[in-house]
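Visitor: Provided below are the primary sequence and the corresponding predicted coordinates.
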Amino acid sequence: MRKLRVAVFKLTSCSGCLNEVIYSMMVHPELLRYVSISYFTELQDLNAVEEVDVAIVEGSVVNSEQEELVRLVRERAKLVAALGTCAVFGGVQSLRVGEDLRTTVLASYPNPDFIRVSPDVKSLDSVVRVDYRLPGCPVNGESLARLLVKLVLGGTETPIHESLCSECKRKGIPCVVVLRKEPCLGPVTVADCGALCPSFGRGCYGCHGLNALVVDKGRLEEFSRVVERLGMSRDDLRALLKAFSHASLSRLSSAG
Amino acid sequence: MALGRLLPKVGRVVKVVDEAPLVRTYHVEVEEFPEPSPGQFNVLYAKGMGEVVISVSNYVAGGKSVMEHTVRAIGSVTNYIYAKIGAGDQLGIRGPYGKGWPIREFEGYDVLIVGGGIGLAPLRPLIKCVSEGRDRYGRFTLLYGARRPVDMLYKYEHEEYGRIPDSTVLFSIDAPHPSWRGYVGFVTDLIDKVKLEPANTVAFVCGPEVMMKVASDKLLKRGLKADRVFLSLERRCRCGVGICGSCQLGHYFVCKDGPVFSYQDVKPYLAVRGL
Amino acid sequence: MPMRYFAGDSSALGDLISILRGRGLAVLSYRLWGDLPVFGEVESLRDLSIGYSDVQGPASYRLVRDERGFFRHSYYSPKYALHPPIQDIYEASNGLRAVPARVDTAPMALFGIKPCDLAAIEVLDRVLESDDFYRARRSAVAYIVVEECVEPGDTCFCGSTGTGPAASGGFDVAYARLEGRVLFRAGSERGLRLLEELKLGEAPGDLVERYDEVMEEARRKSSRLPPLDAVIKALEDSAASEGFWREVSARCVGCANCNMVCPTCFCTEFIDSADLSGRARRQRQWFGCLSYTYGQVAGMHFRPELFMRYRHFVLHKFVFYQRQIGLPGCVGCGRCITWCPMGIDLGEVVSRVVSHGSG
Amino acid sequence: MLSGLLTRVEGEGQVVLKSAGGKVAGVEVRITEAPRFFEYIVGGRRYSEVPDLTSRICGLCGVSYMLTAAKAFEKCLSVEVPEDEERLRLAILAAERVKSHAIHVVYLHLPDFLELGSLSELAESYSHILRRGMEIALWARKAMEVMGGRFHNVVNVRVGGVYSFPEASKVAKLRQELPRVLEGFLDVARFVMGLGNIPGEAHRLRYMAVRDGDTYPWVGSGVITDDGSYAGADAFESFVLTEQVGYSNALRYRLPTGEPYVVGPLARYNLYSGRLRREVRKFLEEYGYGGPLKNVYQSVVARIAEIYQTLLELQEFFDEYREKSVARAEPASAVRGPCVAVTEAPRGILYHRYALDGELRVRSCNIITPTAQNLASMEEVIMSGLTGVDADARAVEVAKGIVRSYDPCISCSVHVVPAGCTPDA
Ligand SMILES: Cc1cc2nc3c(=O)[nH]c(=O)nc-3n(C[C@H](O)[C@H](O)[C@H](O)COP(=O)(O)OP(=O)(O)OC[C@H]3O[C@@H](n4cnc5c(N)ncnc54)[C@H](O)[C@@H]3O)c2cc1C
Ligand code: SF4
Ligand code: SF4
Ligand code: SF4
């Protein structure tokens, strides 16, 4: 089998999803025999942006250098995968979007010229075409491992798009909203974390991102009312959605 | 308890034929496999990747039967098959499933076939059936359209189709092309151009759903009865045997009650967008 | 032959559990796990949720301790046991030779399930008739003991769907708890033998009378929908009315909780995985028609908008099941109302369809 | 000017050597990662949401961030955390320390001692060590999953305690697997220590760690330095000197004397080695490590000691574990005193300070991370060895190796802004 050429890039993020890449290699040590990694600063010294089969990109795009890098990566990779909520939606750093950047930076740094960030926090697919999205803050390591194995074998994952609630019910986890009357973003959040928060008895805060293929503005408004009754203010809901679903939120359609 | 229904048999790809861009026909040899009737489908399994529902586009009986599957690479599993499966490789296979074309019920009738694009695949065994049992059917008409000349399936057989006695075979493409001398336009336009004896004609249609609706309505206008127009429908299809529920159309399971339906039966459902 | 009724008290239920366990059966019932109403194995009377009442409403479920209370059900249903949420189908390691997964067929008894659950099992029996995995689990069910609903819940409407509050067939034993006494009846020969083993006396006439009264009242309470044929007719007529369906589904967020908790929803999706040593696995898991992928195919979507999928859910339950298997697919348990986080009330939607049709 | 992209570290940074006449004359450890303005983005959020947000600062030590934030609010909102819940939280923190150190020792640092450039080279020649290291990391992962939900951004830490107790059977399983993990750990430890090439010449180093009751340090009331000076958590910001340099996105910190200082395993070890378990001390003595560690490369020894110590502490926790129901301790509705806390993240002192408004929303915040505190020391140690040597690629490699031995976490060091995102009232 020809080795799959892989490059792993990090933009603005916490590196957490990269650790899930490493985890995939731990649970499938054979992967290392079937991939050749041309770029992965976290793991190796040799790094060059070469032609690859798969580029895995973690993090959001916050400045023009990163935009350039991402464009270069797109040019040189057959398949680009956005890894994690930062790459797919923008990630927590999106919470700063909408505030005046210069004042923010000036208030913080004596020398703002050195701080190279743009006013927007961009998802990967708002800069280049993305072939595969794997959201999650962090991504589910098992899902990532399954995808990587399939990529090595020459295939890809068959996506299933559903909300977190499906996972909750399949696992028989008691519903936080109905049973405990606590706010939970599960109904509007994309599945794949394994219903983690509800399994610990707390509401989901939406870290896998808004189920924007289903939820439009009107439905989100209805949902806001529900969580508001359960004690989460609109502002707080808005903030969570901005933190973990910025890219989708800003594109929400009014009918869906 | 035998849990056999969802288990694939081991098939071996003995030949792969390039048909059109991103479309190939896979000849799969498999032991002890029931004979499919025209219009039935198999479920192909690419190990570790998943299954896809593919019509049997030809069947050659023998000690080991060989079935042809014309696959268009369009999603996760079909892309994998296209990229990775070649002659000598294995594919899991189960089937044949579904209700095929009711061709035997219409012996003595004129047969009209309307195919669009990849939709010719499930119709191909019908052509073979008519041509091999030529005296059992009346006039034979085949209307086949594709987007471009290159997208036409089974180009290597088209001449043969034309040689079927007492037949009309017309081809169309969607937009003009330098190499094309046939009709340019929708395949459904051809329906207006052929002679039909409505009372004695049965029609078999397969292609994109809009095309099938247009074709059926035209045929009704030309006097065919809705229960003599048959369509092969498509819905998301996972198990192939009517237990996973994904292919439901109204109260039908497309895989088990179809994929072939009379227009009469499905017209009310097809009339409602997104039902 | 006139129906024979037997009388006992709660301890007879405990005895019945012991007898079933004595036959080597795992007895499955609604039980409490900490403070959670789950469905699982019970060992004695103590494990049953007797002494608790479930207070259900749209998007609301509360368990209250109440000696005289009556427990109906939770987000669990017997579906969890008969058609498990996640199932292995096969593994292939040696080339493509697929080895089917083992299905746990240890014999079991379903105990204290509700008439709506029983009706739901009948639906699953028919719709999953050719599902080997379902059949294997189903045939492991040696006995079905039903608890009749002397007090339907606020979201129940089994009276309207004709699936409760009394059990009508397909069970071995049915019992009703009436003010500290328990009235038993058999639904099968085997059930009768079980009851004989319990050595219960014939029920006195006043108890049977009381039972009839209570069930009549329960039926009245659980019949809050318009008549079923009117519902079916109105739904058929409404199908093409996009505006109506958009409006009734406007609050739905497509979370598919309704699908998951519905005791008759049976749809599944398949998951394939592989490793690099040549092993591959195929699994299936519950999948809801309210979820986006339902109706999606490579390159296009047959039900791209949520209202279409919502409409499918409702039409399927009331219209299409009827045509598929000759039974309504909704058994009136009300779970989809209670567990819808948005509090969308199917009963109300259906009533609106009827008034929309006539108005 | 010669520079090297920092690899085998978390996040994006650079080491730049400045040369004069071909000789090294200066160094800049640059943190080039784009800042994420964490102090800014928690502004306006309710206190209860903050731990989940700050967890996102770092993909390796999120638990430390969550717990430090939680503790800061528990202090000013007078929340009594039930003891069992606190113990569980500390166990999650402990698992994180094991995970972080195991990954650093085996995956990031070991290649330096073996003079290999990448994991694949390591995998080829030392697969057994890699496998053992992996077993430790995977077990730590499982421990975090059982107790916290996942490997990072755990979901089971809240202001006031935890959300739920893991099932006793799952904890028992972790306990069962522990002997094997310990055994594997000792294999790795013996291998690394046995290499015998950990440099030993003394660097000029000052240390700081939190002051903890009488255990090896986790959380503290304040910080102490090697000369015994103490500052309460409230006074930390005025105790240390803060500076910003033009070439880096991160702030840096010094002792009141202006000297750089070290935080992290080396500092903890040197200040608290007396509190290590006997087994741990004995093991180190076998390899001649009895007294204080003097060279930054020896932080690998401290990491090994800490993995050992922490596994033993976890063992005790598992042995005493009982499943409970959570108390859901609720905070007071009014703020009393400053919201500050210091804890020991895997890489060292982590300091959080918040100001809350009347609705208990964050008005301002300051977070000081371990790596930021180590930056000045990194530069000093690099210069102490490289001043005047030929400024060539080899020198850059040496500099990178020194930086790596601090286990810098660049993603977390860069989030920083000095005095708060919104004006402090
Ligand atoms: C009765 C019938 C006969 C068919 N015959 C042929 C044929 O002869 N040649 C051919 O190329 N295609 C045929 N198709 C379509 C073919 O099944 C899909 O193109 C194929 O399933 C796409 O799978 P994928 O994994 O590549 O795509 P993905 O988008 O990754 O699909 C995921 C899964 O969804 C289901 N699915 C996706 N698209 C379809 C679809 N159009 N129809 C049914 N299920 C789908 C499949 O189970 C598939 O595995 C037929 C479909 C039906 C229903
Ligand atoms: S439940 Fe929600 S917030 Fe929690 S891990 Fe899953 S997606 Fe993230
Ligand atoms: S549709 Fe609702 S009320 Fe009907 S059976 Fe399903 S869950 Fe119960
Ligand atoms: S549970 Fe309610 S909101 Fe969720 S899909 Fe069903 S009807 Fe819609």
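Guide: Everything's here; your move. Ligands and ions are numbered 1, 2, ... in the order given.
Visitor: where along the chain do the helices fall?
Guide: Chain wasn't specified; assuming chain A. Taking DSSP state H to define them, one finds helices in chain A at A:16-27, A:31-34, A:64-76, A:84-89, A:101-108, A:141-153, A:164-170, A:176-180, A:196-199, A:217-229, A:234-251.
Visitor: think we crossed wires, I meant chain C
Guide: Using DSSP H, helices in chain C cover C:10-22, C:79-82, C:115-127, C:132-138, C:158-161, C:189-198, C:205-221, C:228-238, C:242-248, C:257-261, C:306-315, C:321-325, C:335-338, C:346-358.
Visitor: So for residue D:353, which of those sits nearest?
Guide: Distance to residue D:353, taken as CB to CB, is lowest for helix C:257-261 among these, at 41.9 Å. C-beta: built from backbone N, CA, C; applies to glycine.
Visitor: Can that closest one be said to contact ligand 4?
Guide: Yes: contact of helix C:257-261 with ligand 4 (CB under 6 Å from any ligand atom) involves C:257-258.
Visitor: number of nearby residues for the closest residue to chain D within chain A?
Guide: When scored by CB to the nearest CB, chain A has residue A:16 as its residue closest to chain D, at 2.9 Å. The local packing of residue A:16 (other CB atoms under 10 Å in any protein chain shown) involves 27 other residues.
Visitor: Is it in contact with residue D:59, as I believe?
Guide: Yes: judged on CB atoms under 8 Å, residue A:16 makes contact with residue D:59 at a distance of 2.9 Å.
Visitor: what's the offset of stretch B:244-261 from the middle of its chain?
Guide: Remark: stretch B:244-261 is offset 16 Å from the chain centroid, using CA atoms, centre = their mean, to the nearest Å.
Visitor: still on that earlier bit, common neighbours of residue A:16 and residue D:59, please.
Guide: Residues touching both residue A:16 and residue D:59 (CB atoms under 8 Å, 6 or more residues apart in numbering or on different chains) are A:138, D:152.
Visitor: what's the single longest strand in chain B?
Guide: Longest strand of chain B, by residue count under DSSP state E: strand B:9-20.
Visitor: Skip ahead from that strand and say which helix or strand is next.
Guide: strand B:23-31 (DSSP states H and E).
Visitor: Need the helices of chain C in JSON lines (columns: mean neighbour count, mean pLDDT and distance to residue B:93).
Guide: Supplementary listing: those in JSON lines, determined by neighbours: other CB atoms under 10 Å in any protein chain shown; pLDDT from 0 to 100; distance: least, CB to CB, whole Å:
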{"stretch": "helix C:10-22", "mean neighbour count": "18", "mean pLDDT": "95", "distance to residue B:93": "44"}
{"stretch": "helix C:79-82", "mean neighbour count": "22", "mean pLDDT": "96", "distance to residue B:93": "30"}
{"stretch": "helix C:115-127", "mean neighbour count": "24", "mean pLDDT": "97", "distance to residue B:93": "26"}
{"stretch": "helix C:132-138", "mean neighbour count": "20", "mean pLDDT": "95", "distance to residue B:93": "18"}
{"stretch": "helix C:158-161", "mean neighbour count": "24", "mean pLDDT": "94", "distance to residue B:93": "42"}
{"stretch": "helix C:189-198", "mean neighbour count": "15", "mean pLDDT": "94", "distance to residue B:93": "43"}
{"stretch": "helix C:205-221", "mean neighbour count": "15", "mean pLDDT": "94", "distance to residue B:93": "52"}
{"stretch": "helix C:228-238", "mean neighbour count": "18", "mean pLDDT": "94", "distance to residue B:93": "40"}
{"stretch": "helix C:242-248", "mean neighbour count": "17", "mean pLDDT": "95", "distance to residue B:93": "40"}
{"stretch": "helix C:257-261", "mean neighbour count": "28", "mean pLDDT": "98", "distance to residue B:93": "31"}
{"stretch": "helix C:306-315", "mean neighbour count": "24", "mean pLDDT": "97", "distance to residue B:93": "31"}
{"stretch": "helix C:321-325", "mean neighbour count": "17", "mean pLDDT": "93", "distance to residue B:93": "28"}
{"stretch": "helix C:335-338", "mean neighbour count": "28", "mean pLDDT": "97", "distance to residue B:93": "39"}
{"stretch": "helix C:346-358", "mean neighbour count": "19", "mean pLDDT": "87", "distance to residue B:93": "41"}
